[in-house]
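[1] Sequence first, predicted coordinates after that:
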Amino acid sequence: MESIDTATGAIAPPKLSTDRVRSIFSSIADRYELFNALSSFGVYRSWLAKMAEIADIEPTDIVLDVAGGTGDVTFTMAEKFQPAMIVCTDLVPEMLEVAKAHVLEGRGAGVDIQFAQADGQALPFDDGTFDAVTMAYGLRNMPCREKALSEVLRVLVPGGSFTCLDFSTPEMPAWRAAYDVYLKVMIPFWGKVTTGDASGFRYLASSIQAFPDQAGVARMLEDAGFEDVCWFNCSGGIAAIHSARKPE
């Protein structure tokens, strides 16, 4: 399967992007949530709430959160649905350590939350293990996206749901132009404010601009074998939530 440089979309060895992502997020793990809050002016929380509205999760479900980071999606789903179990995974152990600390602080609504370091492109779980899979801001950072989606499909039970949140492309030209300026100028600025280093956040801006638009992500899901693919725009298309299902 094709591997790309997630900063540009050009063909490149997977190690280039994987090493970059691991280096960036391991260094900012303890300030990642602050960056999200400041750079989105808190709006990202409404995106998570909408993701929870769209997700098809039952109290008896076993849920996998891929690229779960510091646990935002895991805790959102735990508090709304109280499923039987959530397994929160991430490539970067430092991010998971922040999520684990949040559990100790009392987050998670008493749900059984397990943690595992895992690459979303090679999930260490058996076929048909999970009733639902969630992912936020993960697919964009994976160099082998077709492989990542095939892995999600593999570990889902037949009929299982996949809900994916990521940055996307505003539909209105004026809004899109303003967003492009914000990405290039303000994302590195907020990165500098919160972490003292803007370099990793220049990558974030580049990866967003290189990521497929809403229809492009939908095609990727369909090509991977998902059905019932649809999406919901957040904040005029700054972000989009895609939902899909594994065929019965």
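    Perfect, thanks for sending it.
[2] for the top strand by length along the chain, which positions count as buried?
    Once the chain is assigned using DSSP state E, the strand that runs over the most residues is strand 156-167. Of the residues in strand 156-167, those with enough neighbours to count as buried (16 or more other CB atoms under 10 Å) are 156-157, 160-167. C-beta coordinates here come from the backbone N, C-alpha and C atoms, glycine included.
[3] Check stretch 204-224 too.
    Counting neighbours by 16+ other CB under 10 Å, stretch 204-224 gives 204-209, 211-212, 214, 217-218, 220-221, 224 as buried.
[4] What of stretch 241-248?
    Of the residues in stretch 241-248, those buried under the neighbour-count criterion (16+ other CB under 10 Å) are 241-246.
[5] Check stretch 94-104 too.
    Of the residues in stretch 94-104, those buried by neighbour count under the rule 16+ other CB under 10 Å are 94-96, 98-100, 102-103.
[6] hmm, back to that, report all helices and strands that the longest strand of the chain contacts.
    Counting contacts by 3 or more CB pairs under 8 Å, 6 or more residues apart in numbering; DSSP states H and E, the secondary-structure elements packed against strand 156-167 are helix 44-54, strand 130-136, helix 214-224, strand 239-245.
[7] So for the helix ranked longest in the chain, mean pLDDT?
    Using DSSP state H to assign secondary structure, the helix with the most residues in the chain is helix 14-28. Averaging pLDDT along helix 14-28 yields 93.
[8] Tell me who's in contact with residue 38.
    Residue 38 makes contact with 190, 193-194, according to CB atoms under 8 Å, 6 or more residues apart in numbering.
[9] any idea how far the nearest residue to residue 124 once chain neighbours are set aside is from residue 68?
    Nearest non-adjacent residue to residue 124, counting by CB to CB, 6 or more residues apart in numbering: residue 118, 5.6 Å away. If you measure residue 118 against residue 68 using CB to CB, to the nearest Å, the figure is 10 Å.
[10] Brilliant, that's me finished.
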